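Participant: Requesting a structural model of the entry that follows:
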Amino acid sequence: MTMMLVPFSVPSSLFVSNLYNNNTTTTQLSPTSSFPLEKREHVQAAESRFWDLRPQLTLVNAPMARFSLFRLPTKLRRRVRRNRMATIIALFVLVGLLIFPFYSAYCVYKPPRYLIHWLRRKYPDVLFEEPTDQKIIALSIDDAPSTHTEDIMQVLEENEAHATFFVIGSQVEGRKDKLVNLVAKGHELGNHAMHDEPSKSLSNEKLLEEVHLVKDMLTEAYAANGQILPNNYFRPGSGIFNRRMRDVLGNQGFRITLGSVYPHDPQIPYPDTNAKHILSMAHPGAIIICHDRRSWTVPMLRTVLPELKRQGYRIVTITDLVKAVSSQNQGQ
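Facilitator: Take a look at the predicted model:
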């Protein structure tokens, strides 16, 4: 229903409300000629004042009047807007702080391709992978040799796969024949220092001493097969390196070699989980890192290797991967 304000000074007999169909109209009645002259002038004056004030009094004709009563002062409105914006920004920052630790942990567990690409550009002397469109993947196995090495060799042979075994020098005693056998089977040996410890913690002198001791062991295993050590790959303990190590090892002809697919199998003893991790990240030119000396490595490989073969991949040593990509690039 439409509302209308009427001054109390106007006689109600001058107006008739017609309420048909919920529409309100106001009809003005002419003063009767029987009114005395003074009365007529009084009525006309009141009538005139009403029509002058009607646009201001009628809410229908001035809808914004209702809202202007509740409008805040300009300065206060600006302050409210600033506070609202500050609250929104604070919420975004808070959400970011909550998400960042989880995303960082995810990137460590399953690094995205753009992160590997960034690492390759930042550390061009460190080998992470070899970009290519060929269906070829390098498999590397750390912490060799061990009591599980022969079982790993058997799985590799069943799937026509080859791998680079990174050797810990302190584990070679009494297992030299396993190194010789690995080379004879077409696998490759790499340097993993003398002990299972972070190589970053070693002094320059101790680091060089260890890598040269292990290099002599590898050279001996190749010599037993009438071959020459084909590489100087060094994989630092715990996978951590720094500028000092890069300079010291680089000056001695060693190349720090890591990878781009790592299921964290030393910490996660579930072969199915690790296999799914590897298969979800496998791509042409990748270098897979897994570990000897664990009972769950063989069942993991029994899942991974047949599936990679089914997808058309060749599983090779790191040197064979580097050579294949280098030959392709030279051919282009």
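Participant: When you work out contacts or count neighbours from here on, use the C-alpha atoms and nothing else.
Facilitator: Will do.
Participant: just the helices in the protein please.
Facilitator: Ranges of helices within the chain are 37-57, 65-68, 74-109, 113-122, 149-158, 176-184, 204-223, 243-251, 271-281, 297-310, 318-331, based on DSSP state H.
Participant: Show me the protein divided up by domain.
Facilitator: 12-68, 125-331 (automatic domain parsing).
Participant: Return the residues in contact with Gly237.
Facilitator: His192, Ala193, His195, Asp196, Glu197, Pro198, Ser199, Lys200 (C-alpha atoms under 8 Å, 6 or more residues apart in numbering).
Participant: check contacts around the nearest residue to it once chain neighbours are set aside.
Facilitator: Spatial nearest neighbour of Gly237, excluding adjacent residues (C-alpha to C-alpha, 6 or more residues apart in numbering): Pro198 at 4.4 Å. By C-alpha under 8 Å, 6+ apart, Pro198 lies in contact with Pro236, Gly237, Ser238, Gly239, Ile240.
Participant: Test my guess that Leu321 contacts Ile288.
Facilitator: No: if you go by C-alpha atoms under 8 Å, Leu321 and Ile288 don't touch, sitting 11.7 Å apart.
Participant: what residues do the two have in common as contacts?
Facilitator: Going by C-alpha under 8 Å, 6+ apart, residues that sit against Leu321 and also against Ile288 are Ile137, Ala138.
Participant: Identify, from the contacts of Pro198, the entry nearest to Trp296.
Facilitator: Ser238 (19.4 Å; C-alpha to C-alpha).
Participant: List the contacts of Val322.
Facilitator: Counted by C-alpha under 8 Å, 6+ apart, Val322 has contacts Glu130.
Participant: So which of the domains of the chain is nearest Leu94?
Facilitator: domain 125-331 (30.4 Å).
Participant: Need the mean per-residue confidence for that closest one.
Facilitator: For domain 125-331, mean pLDDT rounds to 97.
Participant: Kindly check the end-to-end length of it for me.
Facilitator: End-to-end span of domain 125-331 (C-alpha to C-alpha, to the nearest Å): 23 Å.
Participant: from the middle of its chain, how far away would it be?
Facilitator: Relative to the centre of its chain, domain 125-331 is centred 27 Å away, using C-alpha atoms, centre = their mean, to the nearest Å.
Participant: Make a markdown table from the domains of the chain and add distance to Leu91 to it.
Facilitator: Shown next, in a markdown table, are the domains of the chain (distance: least, C-alpha to C-alpha, whole Å):
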| stretch | distance to Leu91 |
| --- | --- |
| domain 12-68 | 31 |
| domain 125-331 | 34 |
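Participant: Thanks a lot, see you next time.
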